[in-house]
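> Build me a model:
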Amino acid sequence: GAAGTEFGRRAGALMDAGDLVGDDLINGIVAERLAQPDVAEHGFLLDGYPRTPDQAAAMEGFLAEAGTTLDGAVNLDVPADEVTARMLARGRADDTEEAIRRRLDLYEAETAPLLAWFADRGLLDVVDGIGDEDVVFGRLSTVIDARLSLLDAS
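Residues are numbered from 1 along each chain as shown. Predicted coordinates for the structure are as follows:
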């Protein structure tokens, strides 16, 4: 895993110190993982990356170097008040309303341009994230299956 690589060790040290891990390091970790043979054979799914248009552009570059492209991106759409309620229900010590609001503001500032980046490339599917896990999973599966069918047809 990433923890055993130079990128992973550097990221771990930063996180242990409470520091943010910069784009160069994150991009390096992802690029290193996506270069592994199992990825070429089976494909991949990323959760929480890329988070910014700069990361997305870097990803596009290292995927092109590997001779592949991104096939799609899914955004689970959940209103901020619902996200806040879910996070407060987790009971984590760092999940105060103020901290959650700051994280959501940062997410909005970074993610709105990222969603546009994916949409401009015809890669974005938006899934309603409201409902119980089985319902949302069903919606997500439908969107992914449709995207895979398009790929199989081309």
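
> Nearest residue to the middle of the protein?
Gly48 (2.4 Å; C-alpha atoms, centre = their mean).

> Spell out the residue ranges of the strands in this structure.
73-77, 124-128 (DSSP state E).

> What's the separation between Glu41 and Thr5?
In this view, Glu41 and Thr5 are 20 Å apart by C-beta to C-beta, to the nearest Å. All C-beta atoms are positioned from the backbone trio N, CA, C, and that covers glycine.

> neighbour-wise, which of those two wins?
Thr5 (14 against 7; other C-beta atoms under 10 Å).

> Tell me how many other residues crowd the residue lying closest to that one once chain neighbours are set aside.
The shortest distance from Thr5 to any non-neighbouring residue, by C-beta to C-beta, 6 or more residues apart in numbering, is to Glu32 (6.1 Å). Applying other C-beta under 10 Å, we find 15 residues neighbouring Glu32.

> same deal with Gly28?
Neighbours of Gly28 (other C-beta under 10 Å): 20.

> Could you do Ala116 as well?
12.

> So for it, what's the pLDDT?
Turning to Ala116, the model gives it a pLDDT of 93.

> Return the distance of it relative to Val30.
Ala116 sits 21 Å away from Val30, going by C-beta to C-beta.

> Please apply the same query to Ile144.
Distance from Ile144 to Val30, by C-beta to C-beta: 20 Å.

> So these two - more neighbours on which side?
Between Ile144 and Val30, counting by other C-beta under 10 Å, Val30 is the more crowded of the two (21 against 16).
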